[in-house]
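[1] Sequence first, then the predicted structure:
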Amino acid sequence: MSKNKYGATFWVMVGILFIFWILITWRVNWQHLLIGALCSYGIARFNHDLLLKPEERPLYHKATIGRWIKYFYILVVEIFKANWDVAKIVLRPKMDISPGFVKYRTEVKKPLNRVILANSITLTPGTLTVEVEEGIFYVHAITRQNAEDVATWDMQDKLTEIEELEKHVS
């Protein structure tokens with residue numbers, strides 16, 4: 001067995017899981033710490049192939065971190081706005097829904113950023129990303145307007161902007 005079988009990502013995951021173990025058990029005697037360490041190691045080892053490789057990770061640079069913070073702030077605002085819209089639809093006596101699917105192509109290139117975009121769409125009430133295939137998104141929406149808005153959602157522009165910035169910084 002080689003000395004560097006697992007990289008820093010693996011051990012960081014073990015550490016995060018161990019800290020989570022301590023937080024949920026709230027016990028620091030040696031038996032709980034030993035079980036927590038063994039469980040953390042076992043879970044990280046079992047899921048090792050799911051961890052992001054260094055080349056797949058987003059580039060953490062001063063310029064990109066600010067953009068990521070802005071992205072997630074805007075996402076939270078969008079989630080609240082969508083919650084309000086869905087609540088208005090559901091609480092009306094005659095629900096004005098016209099569910100349907102929309103298929104569109106995104107300009108987002110990196111697979112991780114496509115997953116982030118797909119999950120951002122799904123987190124927004126009233127929309128659900130059904131499939132992502134080679135840059136083509138299949139999204140279900142509760143109204144026709146939501147379906148049309150997904151294809152022009154500015155969140156994908158923000159991710160494309162982050163990708164362009166990563167190219168220039170690296």
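    Yep, that arrived. These numbers come from a predicted model, not from an experiment.

[2] Any idea which residue is closest to the centre of this protein?
    Central residue of the chain (C-alpha atoms, centre = their mean): residue 116, 4.0 Å from the mean position.

[3] can I assume that residue is in contact with residue 160?
    No. The pair residue 116 / residue 160 is not scored as a contact, 11.9 Å apart, by C-beta atoms under 8 Å. C-beta here means a position set from N, CA and C on the backbone, and glycine is covered the same way.

[4] Pairing partners for the helix or strand where residue 139 lies, with directions?
    Taking DSSP states H and E as the definition, residue 139 sits inside strand 136-141. Counting by DSSP bridges, the strands paired with strand 136-141 are strand 100-105 (antiparallel), strand 127-133 (antiparallel).

[5] Identify whichever of these lies nearest to residue 32.
    strand 127-133 (39.6 Å; C-beta to C-beta).

[6] So for the closest one, what gets flagged as buried?
    Across strand 127-133, burial judged by 16 or more other C-beta atoms under 10 Å covers 127, 128, 129, 132.

[7] Tell me who's in contact with the third one.
    For residue 129, the contacting residues are 118, 119, 121, 122, 137, 138, 139, by C-beta atoms under 8 Å, 6 or more residues apart in numbering.

[8] Would you show me how to pick out the buried ones of these in PyMOL?
    Those of the contacts of residue 129 that count as buried under 16+ other C-beta under 10 Å are selected in PyMOL with:
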select buried, resi 118+121+137+139
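
[9] Quick one: low-confidence residue ranges for this structure.
    1-5, 52-61, 170 (pLDDT under 70).

[10] any idea how it splits into domains?
    When the chain is parsed with automatic domain parsing, its domains come out as 8-51, 61-169.

[11] Go through these and pick out the most buried.
    domain 61-169 (a mean of 15; mean count of other C-beta atoms under 10 Å).

[12] How far off centre is that domain?
    Centre-to-centre, domain 61-169 and its host chain are 11 Å apart (C-alpha atoms, centre = their mean, to the nearest Å).

[13] With stretch 35-54 instead?
    For stretch 35-54, the distance to the chain centre is 19 Å (C-alpha atoms, centre = their mean).
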